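Student: Okay, structure incoming, though there's no sequence with it:
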């Protein structure tokens, strides 16, 4: 039987579940590989660890997919929709196609990812029941024999099954159908067994009596940090990413994740970063176990800084960067570094806050605006062609008369990167209006040949 087929095979009409002999009859040159469930499982676990390092502290392998608990971490990526889109893009960059859904329950997320997402889908709490009602019964993660029997009884959608009295269903199929319905609708908890990466620094603490007070959680968090730092010191490592998990008595898991700009083994600093987020933890009826894992650890060796009687040592701002990045998200805290390119929007890139200097610089002979608009905004102008600045321009509904101008500065397209840029030209002008505001305008084209551009005018930047 065909268990999986790539896109080329699907274009030929082959589908999972088809008999292998029929598939060979349809495609004479078909390449067939024997299934290797053990290798598939191992690859899925590796992908789970990769996703855990990049996105969420709670990740579990789930048959043919992954289950992530993104509670409390989605804001670091600009919201759930941006986070799902980033996941799809990142997986595609390593050759993995994925469909991803976020939902209030594990069961709903599992169902919508496989039956609705294209490639992403976000299910809100108030639409949970309506969305599940329209899905097929096969979305409930039921055993194949139960699904076959339900099909024979005429159940096609979850709505039909949910509206049926439970007693006859339980009498025939046991409690698994009702349990899956309750889990999908959030009426029953579902245990989550996250994957633990092998050979990572990890400490654990169990409690004879459940704890829940914030000050108690903070005290034991500090103790776990002390134990973990001692283990890191033995291995000569410093933590770059920490996951603190709280196992509640009702089988739910609360998680805190922090990251650092560089390897850190300072107990006070790491404990503060973790304790600052304890207020986001819901202890429920109590927490019986806490674990702390250095998910990403790098070599760390302290070196004495060279002494100087003249120059003061450079201040260490990594602590401030760690505090801000864990509060607003690492991708929202960055520096702009120059890139060797004549195209203004290509001449800058984002780098991490503590990234070393690249040595590149922007061209000194022509000043660049302090604010670059992305994308450039089109304006209405009147100008003499081919090389005169505009006499006035209308931008964002306001007409501005040009008092002074300098230019043009001609920029050619990067023909070695794209054939469409072979003849592309831009003419940039620095202009100042009568109110003293300075702008960076350009004309797309040389003002004569339409092949070089549309000849439209744009505002690309604003000078301070």
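Tutor: Good, I have the coordinates. What you are looking at is a predicted structure, and each value in this text was computed from that prediction instead of being measured.
Student: Start from the N-terminal end of this structure and give the helices.
Tutor: Shown for the chain, the helices assigned by DSSP state H span residues 7-11, 20-26, 37-54, 80-93, 106-115, 128-133, 144-152, 158-162, 166-173, 176-185, 214-235, 267-275, 318-328.
Student: what distance separates the third one from the middle of the whole chain?
Tutor: For helix 37-54, the separation from the chain centroid amounts to 18 Å (computed by C-alpha atoms, centre = their mean, to the nearest Å).
Student: What residues sit buried inside it?
Tutor: Neighbour-count burial for helix 37-54 flags 44-45, 47-53 (criterion: 16 or more other C-beta atoms under 10 Å). All C-beta atoms are positioned from the backbone trio N, CA, C, and that covers glycine.
Student: Which two of those have the greatest separation?
Tutor: The span of the buried residues of helix 37-54, defined through C-beta to C-beta, is set by 44 and 53 at 15.2 Å.
Student: burial count for the residue lying closest to residue 106 once chain neighbours are set aside?
Tutor: Leaving aside its sequence neighbours, residue 106 sits nearest to residue 190 (C-beta to C-beta, 6 or more residues apart in numbering; 5.0 Å). Using other C-beta atoms under 10 Å, residue 190 has 17 neighbouring residues.
Student: Contact partners for residue 190?
Tutor: Going by C-beta atoms under 8 Å, 6 or more residues apart in numbering, residue 190 touches 105-107, 183.
Student: and those residues as a markdown table, adding pLDDT, neighbour count and distance to residue 58?
Tutor: Shown next, in a markdown table, are the contacts of residue 190 (pLDDT from 0 to 100; neighbours: other C-beta atoms under 10 Å; distance: C-beta to C-beta, whole Å):
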| residue | pLDDT | neighbour count | distance to residue 58 |
| --- | --- | --- | --- |
| 105 | 93 | 21 | 14 |
| 106 | 92 | 21 | 11 |
| 107 | 93 | 23 | 16 |
| 183 | 93 | 19 | 17 |
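Student: Could you single out the nearest of those to residue 390?
Tutor: Checking the contacts of residue 190 against residue 390 with C-beta to C-beta, the nearest one is residue 105 at 58.0 Å.
Student: close enough to count as contact, that closest one and residue 189?
Tutor: No: counting by C-beta atoms under 8 Å, residue 189 is not a contact partner of residue 105; they are 9.6 Å apart.
Student: what residues do the two have in common as contacts?
Tutor: Among the neighbours of residue 105, those also in contact with residue 189 (C-beta under 8 Å, 6+ apart) are residue 183.
Student: returning to what we had before: now render the buried residues of helix 37-54 as JSON lines, adding pLDDT and distance to residue 38.
Tutor: Converted to JSON lines, those look like this (pLDDT from 0 to 100; distance: C-beta to C-beta, whole Å):
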{"residue": "44", "pLDDT": "92", "distance to residue 38": "11"}
{"residue": "45", "pLDDT": "91", "distance to residue 38": "11"}
{"residue": "47", "pLDDT": "93", "distance to residue 38": "15"}
{"residue": "48", "pLDDT": "93", "distance to residue 38": "16"}
{"residue": "49", "pLDDT": "92", "distance to residue 38": "17"}
{"residue": "50", "pLDDT": "91", "distance to residue 38": "19"}
{"residue": "51", "pLDDT": "92", "distance to residue 38": "21"}
{"residue": "52", "pLDDT": "91", "distance to residue 38": "21"}
{"residue": "53", "pLDDT": "89", "distance to residue 38": "23"}
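Student: thinking again about what came up before, identify, out of the helices of the chain, the most deeply packed stretch.
Tutor: Comparing the helices of the chain by mean neighbour count (mean count of other C-beta atoms under 10 Å), helix 106-115 ranks first with a mean of 22.
Student: what residues does that one touch?
Tutor: Residues outside helix 106-115 that contact it (C-beta under 8 Å, 6+ apart) are 62, 65, 67, 99-103, 121, 123, 128, 131-132, 135-136, 139-141, 180, 183-186, 190, 192.
Student: Please compute how far it lies from its chain's middle.
Tutor: Its chain's average C-alpha position is 19 Å from that of helix 106-115, according to C-alpha atoms, centre = their mean.
Student: Helix 176-185 and that helix, what's the angle between them?
Tutor: Angle, helix 106-115 to helix 176-185, by axes from the mean of the first three to the mean of the last three C-alpha atoms, to 10 degrees: 90 degrees.
Student: Domain-wise, how is the protein divided?
Tutor: Domain ranges of the chain: 7-35, 40-185, 202-299, 371-462, per automatic domain parsing.
Student: for the ones you listed, which one sits closest to residue 353?
Tutor: It's domain 202-299; of the domains of the chain, that one is closest to residue 353 (C-beta to C-beta) at 6.1 Å.
Student: mean confidence score for that closest one?
Tutor: If you average the pLDDT over domain 202-299, you get 93.
Student: Closest one of the buried residues of helix 37-54 to residue 255?
Tutor: Each of the buried residues of helix 37-54 was checked against residue 255 using C-beta to C-beta; the closest is residue 52, at 10.7 Å.
Student: Bridge partners for the nearest residue to that closest one once chain neighbours are set aside, pull those for me.
Tutor: Nearest residue to residue 52, sequence neighbours excluded (C-beta to C-beta, 6+ apart): residue 59, at 4.2 Å. Going by DSSP bridges, residue 59 is paired in beta bridges with residue 68.
Student: Count residues in the vicinity of residue 59, would you?
Tutor: Neighbour count for residue 59, taken as other C-beta under 10 Å: 25.
Student: Would you agree it is in contact with residue 194?
Tutor: Yes: with contacts counted by C-beta under 8 Å, residue 59 reaches residue 194, the gap being 6.0 Å.
Student: Quick check: closest non-adjacent residue to residue 346.
Tutor: Spatial nearest neighbour of residue 346, chain neighbours left out: residue 339 (6.5 Å); criterion: C-beta to C-beta, 6+ apart.
Student: ugh, typo on my part, it should be residue 330
Tutor: Spatial nearest neighbour of residue 330, excluding adjacent residues (C-beta to C-beta, 6+ apart): residue 259 at 6.0 Å.
Student: Check residue 143 too.
Tutor: Of all residues not flanking residue 143 in the chain, residue 176 sits nearest, at 7.3 Å (C-beta to C-beta, 6+ apart).
Student: From residue 204, how far out is the one you found?
Tutor: Computed as C-beta to C-beta, to the nearest Å, the residue 176 to residue 204 distance reads 32 Å.
Student: No more questions from me, cheers.
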